[in-house]
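Student: Return a 3D structure for these sequence lines:
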Amino acid sequence: MLRKLIVGIMILVLSFATPATAAEKQTAKAGGKTTAKSAKCWKRMPPLDKVLMTPEYNTVCKAYEEVLNTTCELPEKLMCNWTLPKGEKRFKKLVWQSLDPKKYRMLTEDYVLGEAYSKKPDPAYKTMRWNTINLDFKKAFDEDKLNIKMTVVDIDHDGKEEYIVRYSLPSECNGKSSFLIMTPETKRLDWRYKNLTDGVNALSEGSEILLYEGKAFMFKIENIYYEPGSNPSQEAMIYEGYPYGAGNLCRFKYLKGGKKQ
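Tutor: You can find the predicted model right below:
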């Protein structure tokens, strides 16, 4: 009698059990490993410099695409705080040292005046430039609150390290920065490297320098307009420096909300 009662209860429970879903059946067939494709937040696009599409560059591009789709950060987030996944060892952030704006005044004057006038500035031009620069920048400089930081890294992959200077306002995140190269002996900007950093300084919404397998690359977020008057496509870029220049080797488009691939 007891045995019949137990069998009856088991049949009743099984009759109300939820049938296995297609995904569960697929997982069971795969030995417990899911075979469903995950949603992507970022999609890799052809680089701006297609000549750089080599196996070596494909390695760093593929790795960073994995990072972007692991964190699924919005472009706005990447402009200010570059988050790396927990346990990520391929990419590393650089260590930046703060500089005293008073001790490096000429370095800032070089940045404001530009290449043509930084070495022997015309007094009238210098006055005009200081009176027309961004008011927030001028105020920060006058109040000794301008963020100037420096790091040492081989930015152009020639086997020699360069002194990288980063300027940012105290109200802005680290990503919204301008990078330039300093000559350590003179503490002045080395304008020979202007074309190297222009790619991440101009038209950038956010920029950073990260190490990939110990090699320095320049990262940024940029608004790309494919048609006049259209809404911009927010894209992540990776540039590699070479002596006195740089080339775009990776490009990623943000997929709003994430899309199945």
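Student: give the contact list for residue 164.
Tutor: Counting by Cβ atoms under 8 Å, 6 or more residues apart in numbering, residue 164 makes contact with 150, 151, 152, 153, 155, 179, 180, 181, 182, 209. Using the backbone N, CA and C atoms, a C-beta is placed for each residue, glycine as well.
Student: And for the second one, the neighbour number?
Tutor: Meaning residue 151. 19 (other Cβ atoms under 10 Å).
Student: what's the helix or strand for it?
Tutor: strand 147-153 (DSSP states H and E).
Student: The following helix or strand past that strand: how far from the chain's middle?
Tutor: Next helix or strand after strand 147-153 toward the C-terminus (DSSP H and E): strand 162-168. Mean-position distance between strand 162-168 and its chain equals 16 Å (Cα atoms, centre = their mean, to the nearest Å).
Student: Now strand 162-168: average pLDDT?
Tutor: For strand 162-168, the mean pLDDT works out to 92.
Student: what is the orientation angle of whichever helix or strand comes after that strand with strand 147-153?
Tutor: Remark: after strand 162-168, the chain's next helix or strand is strand 178-183, criterion DSSP H and E. Orientation of strand 178-183 against strand 147-153 (axes from the mean of the first three to the mean of the last three Cα atoms, to 10 degrees) gives an angle of 60 degrees.
Student: tell me the angle strand 178-183 makes with strand 162-168.
Tutor: 140 degrees.
Student: What is the nearest of the contacts of residue 164 to residue 67?
Tutor: Residue 67 has its nearest neighbour among these in residue 209, at 15.3 Å by Cβ to Cβ.
Student: Checking my notes, that closest one in a helix, right?
Tutor: No: when classified by DSSP: H, G, I helix; E, B strand; the rest coil, residue 209 is found to be strand rather than part of a helix.
Student: so it makes contact with residue 153?
Tutor: Yes: the pair residue 209 / residue 153 is scored as a contact, 7.0 Å apart, by Cβ atoms under 8 Å.
Student: Report the mean per-residue pLDDT for the lengthiest helix in the chain.
Tutor: Looking across the chain with DSSP state H, the single longest helix is helix 55-71. What helix 55-71 shows for mean pLDDT is 88.
Student: Show the subsequent helix or strand relative to it.
Tutor: Immediately after helix 55-71, counting by DSSP H and E, sits helix 75-80.
Student: Dump that following helix to CSV, restricted to CA.
Tutor: What follows is helix 75-80, C-alpha atoms only, in CSV (Å, rounded to 0.1, in the frame of the first residue of the first chain):
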residue,chain,number,x,y,z
PRO,A,75,31.2,54.8,-24.9
GLU,A,76,30.5,57.4,-22.2
LYS,A,77,32.0,55.2,-19.6
LEU,A,78,35.1,54.5,-21.6
MET,A,79,35.7,58.2,-22.0
CYS,A,80,36.3,58.6,-18.3
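Student: Could you list every helix and strand in contact with the helix or strand hosting residue 251?
Tutor: Here residue 251 is covered by strand 245-260, with elements defined by DSSP H and E. Packing partners of strand 245-260 (3 or more Cβ pairs under 8 Å, 6 or more residues apart in numbering; DSSP states H and E): strand 39-45, helix 55-71, helix 194-201, strand 233-242.
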